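**Student:** Next one to model:
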Amino acid sequence: MKKVLVTGGTGFIGSNLAASLVARGCEVRIFRRENSDLRTLRGIAAEHVIGDVRDPASVLRAVEGCDTVFHAAALVTFVRRVRDLQEEVNVSGTRNVVRACLARGVGKLVHTSSIAAIGHPPPGDLATEESPFNWPRVAGYKFSKYQAEQCVLDGVAHGLDAVIVNPTVVIGERDSRFHGGQLVKEAARGRLLFYPDGGMNVAYVGDVVRGHLLAAERGSTGKRYILGGHNMTHKEIFERTARLLRKRPPLARLPAPLVRISGRLVEAVSLAIGIDPPISSDLVAGAGIRNWYSIRRAEDELGYTVSPFDQAILGAYRWYRENGFL
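**Tutor:** Sure, this is the predicted structure:
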């Protein structure tokens, strides 16, 4: 990798990826919108190209001259009113990146997908890269990421050397939009009063970024690689996070049926009064499920390794404190 394009370079994974690539001596180009929040890019010496993944011409300009492209741009939201925009960014935007890479002869595309594009496991099992997509269509973000992968695979069928990486729930530095970091924010403010049923896989952003780089170097064309961390119950995650931040642990369990009903009710009321819901049926689609994943393929084929859970929580917390988010 010499000249590298990062789409979504102002986002959580994208900004960490750009920082790591610059540290490796790569010439890094960040593709972003004109009004992007640049706080995550402080101290990162990279070229900026203005455009939008929805605009094929600007994507072509951004890709020009690059040997490697990391496509990390996506609209991560669970709000129904922006479903059309989400599909434009996540699906049509990915299609535009794939076509630009083919047109400009890019040597390698690494597509940042998500475990959202992979089916959830049956009770007692771990999902793998081969687990079929089995989320309901109401899960709009998940379906958009699944569709985006199909665009990448279509590019592979036309000769593109592309690899797909599927991060789990990522926590760490530079998460200015509080995706996985919402857990840290709520814990720091003493708001983790209850924990839901089920569980999830939590990964440190530094590991996920390293997994991207390994995928570019060693990944097999057309393959998925789950970039995860620790499979834990929500109870374990919430209690451990509270202890790390020296806050009160959760008081009680929230049954999954209550979480799902609350999601539907809050969404309906919010839509009726014209505001974005704090929770939605999309967001709580996995309530009660232990969304646990195997990282065996990434370990065996890429040399992927996992950092301690505490590093993710404390890394995010320190960054929020140092940058005025808490």
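
**Student:** what's the least confident helix or strand in this structure, going by average pLDDT?
**Tutor:** helix 256-273 (a mean of 75; mean pLDDT, DSSP states H and E).

**Student:** in that one, what counts as buried?
**Tutor:** 256, 259-260, 263, 266-267, 270 (16 or more other CB atoms under 10 Å). (C-beta placed from N, C-alpha, C; glycine too.)

**Student:** Including distance to Tyr304, could these go into JSON lines?
**Tutor:** As requested, the buried residues of helix 256-273 are exported to JSON lines (distance: CB to CB, whole Å):
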{"residue": "Ala256", "distance to Tyr304": "31"}
{"residue": "Val259", "distance to Tyr304": "32"}
{"residue": "Arg260", "distance to Tyr304": "33"}
{"residue": "Gly263", "distance to Tyr304": "33"}
{"residue": "Val266", "distance to Tyr304": "37"}
{"residue": "Glu267", "distance to Tyr304": "37"}
{"residue": "Ser270", "distance to Tyr304": "39"}
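
**Student:** And the next helix or strand past the least confident helix or strand of the chain?
**Tutor:** Downstream of helix 256-273, the first helix or strand assigned by DSSP states H and E is strand 290-291.

**Student:** name the helices or strands packed onto that following strand?
**Tutor:** strand 199-204 (3 or more CB pairs under 8 Å, 6 or more residues apart in numbering; DSSP states H and E).

**Student:** which other residues reach the strand it packs on?
**Tutor:** Outside strand 199-204, the residues within contact range by CB atoms under 8 Å, 6 or more residues apart in numbering are 115, 167-172, 180, 227-234, 236-237, 290-293, 306-309, 311-312, 315.

**Student:** Could you identify the buried members of those?
**Tutor:** 115, 167-172, 180, 227-234, 237, 290-293, 306-307, 309, 311-312, 315.

**Student:** measure Gly8 to Leu21 for me?
**Tutor:** Applying CB to CB, to the nearest Å, one obtains 13 Å for the distance of Gly8 from Leu21.

**Student:** Would you mind putting the CA coordinates of the least confident helix or strand of the chain into CSV?
**Tutor:** C-alpha atoms of helix 256-273 as CSV (Å, rounded to 0.1, in the frame of the first residue of the first chain):
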residue,chain,number,x,y,z
ALA,A,256,-36.4,-8.9,26.1
PRO,A,257,-40.2,-8.7,25.5
LEU,A,258,-40.3,-5.4,27.4
VAL,A,259,-37.4,-4.0,25.4
ARG,A,260,-39.1,-4.9,22.1
ILE,A,261,-42.5,-3.5,23.2
SER,A,262,-40.9,-0.3,24.5
GLY,A,263,-39.0,0.1,21.2
ARG,A,264,-42.2,-0.1,19.1
LEU,A,265,-44.2,2.2,21.5
VAL,A,266,-41.4,4.9,21.7
GLU,A,267,-41.0,4.8,17.9
ALA,A,268,-44.8,5.1,17.3
VAL,A,269,-45.1,8.0,19.7
SER,A,270,-42.0,9.8,18.4
LEU,A,271,-43.2,9.5,14.8
ALA,A,272,-46.6,10.8,15.8
ILE,A,273,-45.2,14.0,17.3
